[in-house]
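1. what follows is a predicted protein model with its sequence.
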Amino acid sequence: MAVFGGRRRDDNPALPPGQHLTESFPVLSAGPTPSINTEDWEFFIHTETGQTHRWKWDQFLDLPSEDITVDIHCVTSWSKLGTGWRGVSLDTLFAEVETGFDFVMAHSYGGYTTNLPLDEILDGQAWIAYEYDGDGLDPEHGGPARLLVPHLYFWKSAKWVRGLVMQSEDNPGFWEEYGYHVHGDPWREERYA
Amino acid sequence: MSNTVPGWLTGTLTRAHPLTAAARSITLAIPNWPGNDAGQHVDLRLTSPDGYQAVRSYSIASAGPGEEIELAIDRLPDGEVSPFLVDELELGDTVELRGPLGGWFVWRPEQTQPVQLIAGGSGVVPFMAMARTHASASSSVPMQLLYSLRTPDDAFFRDELSLLSATARTTWHYTRTVPPGWSRTAGRLTAEDLRSDTLSPERAPLTYVCGPTGFVETVSRSLTSLGHAPDTIRTERFGGN
């Protein structure tokens, strides 16, 4: 019988169960990378009253931004620790938004969607990120801007994000429809439904 | 769609053979495996005697009902799990498996659109499952594969792909070294290669692309420039190491 030794021994306490460290930055997406011109880009938040809050690229860049250093965890089992981003907190974007709904559906250019509870993207837990490692975000990593929700598996951090639509129920998004967990907490290994 | 079985199943290695100098086909018998669709994948978990565990995802080269699956493992030079599976795992040894996983990058016999498959390197694995399913279902839907690889020695499943060419033709493309007498020179897939060797947008195909990230990025960008609608292109990339 062959005995598996394993050599990584990723016993780093920052690593959730079933994850291993990677130095690279793998890509996971369902279709071609959309090409998005920042002149045409906008980000919106749409609420149940029919109100839509919109930001053009220049308006978005004028918002207060933050440097964010976080660990990211992909459901395919790689984790990358201490990644550096710059982006706008969703607290800033939601400052003027009134809603009674408790969930959001994030929509991306290209058609991708993912669902999130509102109380997990506020209070300093989520950003719209537009720089990675000091440079503009590459299209294959979600540029010009992506959602960044590092405490959930990384499929929740929708690339090429274009807006959030408030929803009354936690309706599943794209990967969630295809069997991924509706919530996606890496520390509880919420990988698959 | 075959649904994921909750928890971990035990798979026993029942057959194995080398695919290339760096890759191995392993067939695992898995009691209670529910069968899988062509293109689905599985998580494989190894546990060392001291309890340390490592998990990796692999595409499944087989499809359909039955309690056996075939995986095609490429040994990554700096890998932790793949060298063990390629060089050490012995017949009768067991591993743990979770799956089947994924419902997007799959092909089912009831689909009616023409199908173009484009593989880079070991990205051919899910397409083996699709071509086998296409043949066993006697599907009349056009299906063809464009298989890009570094050298002739890197081919997975060459003989079987040749046999399957009666129903799903394979076009071979080499990026580094071509076989003797090959009419084309080695080089990366270009938009012109894709135009001449894949189903055109007029045929309204569903195009699946699988391979390393750079390959998938380049190919899918070229496909959209040739006029394929982005929502007719499904991609899968190798993640991590």
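-> Received the coordinates, thanks.
2. any idea how far A:G111 is from the most centrally placed residue in chain B?
-> Residue closest to the mean C-alpha point of chain B, counted by C-alpha atoms, centre = their mean, is B:V125 at 1.7 Å. According to C-beta to C-beta, to the nearest Å, B:V125 stands 26 Å off from A:G111. The C-beta positions use only the backbone N, C-alpha and C, and glycine is treated the same way.
3. what's the answer for A:L137, then?
-> Relative to A:G111, and taking C-beta to C-beta, A:L137 is found at 19 Å.
4. the two: which is more packed in?
-> The residue with more neighbours, out of A:L137 and A:G111, is A:L137; 22 against 13, by other C-beta atoms under 10 Å in any protein chain shown.
5. and the pLDDT for the residue of chain B lying at maximal distance from its centre?
-> Distance from the C-alpha centroid of chain B peaks at B:D50, with 33.0 Å (C-alpha atoms, centre = their mean). You'll see B:D50 listed with a pLDDT of 89.
6. do B:S2 as well
-> For B:S2, the predicted pLDDT is 63.
7. and what of A:T33?
-> For A:T33, pLDDT reads 91.
8. up against chain B, what does chain A have?
-> A:1-9, A:18, A:20, A:22, A:24, A:26-34, A:74, A:76-78, A:110-111, A:140, A:174-175, A:177-179, A:192-193 (C-beta under 8 Å from any C-beta of the partner chain).
9. going through these, which ones are buried?
-> In the residues of chain A next to chain B, burial by neighbour count holds for A:4, A:6, A:18, A:20, A:22, A:26-34, A:74, A:76-78, A:110, A:140, A:174-175, A:178-179, A:192, counting by 16 or more other C-beta atoms under 10 Å in any protein chain shown.
10. so which of the residues you listed belong to helices?
-> A:F174, A:W175 (DSSP state H).
11. looking at the buried ones among the residues of chain A next to chain B, which are in strands?
-> A:H20, A:W78 (DSSP state E).
12. can you give me the end-to-end distance of stretch B:92-108?
-> 32 Å (C-alpha to C-alpha, to the nearest Å).
13. could you give the average pLDDT over stretch B:89-109?
-> Rounded mean pLDDT across stretch B:89-109 is 95.
14. roughly how far is it from the heart of the chain?
-> Taking C-alpha atoms, centre = their mean, to the nearest Å, one finds stretch B:89-109 lying 12 Å from the centre of the chain it belongs to.
15. show me what contacts B:L194?
-> Shown in contact with B:L194 (C-beta atoms under 8 Å, 6 or more residues apart in numbering or on different chains): B:I118, B:L146, B:V219, B:S222, B:L223, B:L226.
16. tell me the pLDDT of the fourth one.
-> As predicted, B:S222 sits at a pLDDT of 96.
17. so it: helix, strand or coil?
-> helix (DSSP: H, G, I helix; E, B strand; the rest coil).
18. what's the neighbour count on it?
-> Residues near B:S222, counting by other C-beta under 10 Å: 20.
19. need the longest strand for chain B.
-> strand B:9-20.
20. that strand pairs with which strands?
-> Note on strand B:9-20: by DSSP bridges, its sheet partners are strand B:23-29 (antiparallel), strand B:94-101 (antiparallel).
21. show residues contacting the longest one.
-> Contact partners of strand B:94-101, identified using C-beta under 8 Å, 6+ apart, comprise A:179, A:192, B:2-5, B:7-13, B:28, B:30, B:33-37, B:40-47, B:57, B:60, B:69, B:85, B:89.
22. nearest residue to the middle of chain A?
-> For chain A, the residue nearest the mean C-alpha position is A:S157 (1.2 Å; C-alpha atoms, centre = their mean).
23. quick one, what contacts that residue?
-> Applying C-beta under 8 Å, 6+ apart, one finds that A:S157 lies in contact with A:I72, A:G142, A:R146, A:L147, A:L148, A:V149, A:P150.
24. swap in 10 Å and give it another go.
-> Applying C-beta atoms under 10 Å, 6 or more residues apart in numbering or on different chains to A:S157 gives the contacts A:72, A:74, A:85, A:106, A:114, A:116, A:126-127, A:129, A:142, A:146-150.
25. same check on B:D197?
-> B:Q116, B:I118, B:Q144, B:L146, B:S148, B:T171, B:W172, B:H173, B:L189.
26. which SS class is the third one?
-> In the three-state summary, B:Q144 is assigned as strand, counting by three-state DSSP.
27. and it, how many neighbours?
-> The tally of other residues near B:Q144 (other C-beta under 10 Å) stands at 20.
28. and it, how far from B:L199?
-> 7 Å.
29. shared neighbours of these two, anything?
-> Counting by C-beta under 10 Å, 6+ apart, the common neighbours of B:Q144 and B:L199 are B:P114, B:V115, B:Q116, B:P205.
30. if we check chain A, which of those are in contact?
-> Among the shared contacts of B:Q144 and B:L199, not one lies near chain A by C-beta under 10 Å from any C-beta of the partner chain.
31. quick check: A:L61 touching A:V88?
-> Yes. Counting by C-beta atoms under 10 Å, A:V88 is a contact partner of A:L61 at 8.6 Å.
32. helix or strand: which one has B:E192?
-> Element membership for B:E192, per DSSP states H and E: helix B:191-197.
33. quick one: buried residues of that helix?
-> B:D193, B:L194, B:D197.
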